[in-house]
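A.B. asks: requesting a structural model of the entry that follows:
(one chain, ligands or ions: 1)
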Amino acid sequence: MSAFQHLKTVNKHRKLVRQGCFAVGLYKQGLLHDMSKYSPTEFWVGAKYYQGTRSPNNAEREDIGYSSAWLHHKGRNKHHYEYWIDYSIHNAPPGMHGMMPAPMPIKYIVEMLMDRVAACKVYNGDAYTNSSPMEYYNKGLDPAPMHPKTKAFLELFLRMLEVWGEEDTYAFIKENIVSRAKKFDDKDSLQFCLDFCERGQRRLKKDSLQHKGYLK
Ligand SMILES: [Zn+2]
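C.D. replies: So this is what the prediction gives:
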């Protein structure tokens, strides 16, 4: 049982997320991020399975087959895309209820980015680079249904972080994403979002080639 170490890890994680969220103007989310980790259900599981180098949830999964802490967590924290998985009554065959992702508001997609950056920093330590969150994402590509909007923005942000680094990425997100959230969250904005992300990816491709000296 490592209650103290677990508490320290949670606090450190929240501090890093707070810094990231503040940098893009998401103050309330920065302050309230992951508060449920202090609830007894999540806290004592985290303390029992404390690892230091990876999430205690995986240790709980290995032990009992699933993670009770994670189920509690993802049901309460909107920055996890899993929170937004509903069952659909529209596209499912008759008599069936398929699981379907609902579109995630852009401010929570941004918080998810900060969450991943912070988690990678805590677990990777000195080995952390601007590519670590992208590497983590690529390793974890699971069959869980991520909404196309969520996926497009998350992949754009992760790539941006790799090519531009934190400061420029966060400045871009603050100016062009967070302040225009309404535009991205409109009920009919999916195509607009996908086009926006595709243009961003094209620009990043050019930028990364420039960085490598392929273009003058
Ligand atoms: Zn979380």
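A.B. asks: keeping just the C-alphas, turn the helix or strand Lys151 falls within into PDB.
C.D. replies: Per DSSP states H and E, Lys151 falls inside helix 148-164. Extracted C-alpha coordinates of helix 148-164, given in PDB (Å, rounded to 0.1, in the frame of the first residue of the first chain):
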ATOM      1  CA  PRO A 148     -14.400  11.000 -35.800                       C
ATOM      2  CA  LYS A 149     -14.400  14.600 -34.500                       C
ATOM      3  CA  THR A 150     -12.600  13.500 -31.300                       C
ATOM      4  CA  LYS A 151     -10.100  11.400 -33.300                       C
ATOM      5  CA  ALA A 152      -9.400  14.100 -35.800                       C
ATOM      6  CA  PHE A 153      -8.700  16.800 -33.200                       C
ATOM      7  CA  LEU A 154      -6.700  14.500 -30.900                       C
ATOM      8  CA  GLU A 155      -4.500  13.400 -33.800                       C
ATOM      9  CA  LEU A 156      -4.100  17.000 -35.000                       C
ATOM     10  CA  PHE A 157      -3.000  18.200 -31.500                       C
ATOM     11  CA  LEU A 158      -0.600  15.300 -31.000                       C
ATOM     12  CA  ARG A 159       1.000  15.900 -34.300                       C
ATOM     13  CA  MET A 160       1.200  19.700 -33.700                       C
ATOM     14  CA  LEU A 161       2.900  19.000 -30.400                       C
ATOM     15  CA  GLU A 162       5.500  16.800 -32.100                       C
ATOM     16  CA  VAL A 163       6.200  19.400 -34.900                       C
ATOM     17  CA  TRP A 164       5.800  22.700 -33.100                       C
END
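A.B. asks: please read off the pLDDT at Asp126 from the model.
C.D. replies: Here the pLDDT value assigned to Asp126 is 95.
A.B. asks: next SSE downstream of the helix holding Lys151?
C.D. replies: helix 166-172.
A.B. asks: any idea how far that next one is from the middle of the chain?
C.D. replies: Computed by CA atoms, centre = their mean, to the nearest Å, the chain-centroid distance of helix 166-172 equals 16 Å.
A.B. asks: which helices and strands does that helix pack with?
C.D. replies: helix 3-23, helix 148-164 (3 or more CB pairs under 8 Å, 6 or more residues apart in numbering; DSSP states H and E). C-beta coordinates here come from the backbone N, C-alpha and C atoms, glycine included.
A.B. asks: and this protein, which residues reach the ion?
C.D. replies: For the chain, the residues in contact with the ion (CB under 5 Å from the ion) are 34, 77.
A.B. asks: which residues of the chain score low on pLDDT?
C.D. replies: 1, 91-97, 141-144, 211-216 (pLDDT under 70).
A.B. asks: repeat the analysis, applying 50 as the threshold.
C.D. replies: 216 (pLDDT under 50).
A.B. asks: next, name the residue at the spatial heart of it.
C.D. replies: Nearest residue to the geometric centre of the chain (CA atoms, centre = their mean): Met112, 2.5 Å.
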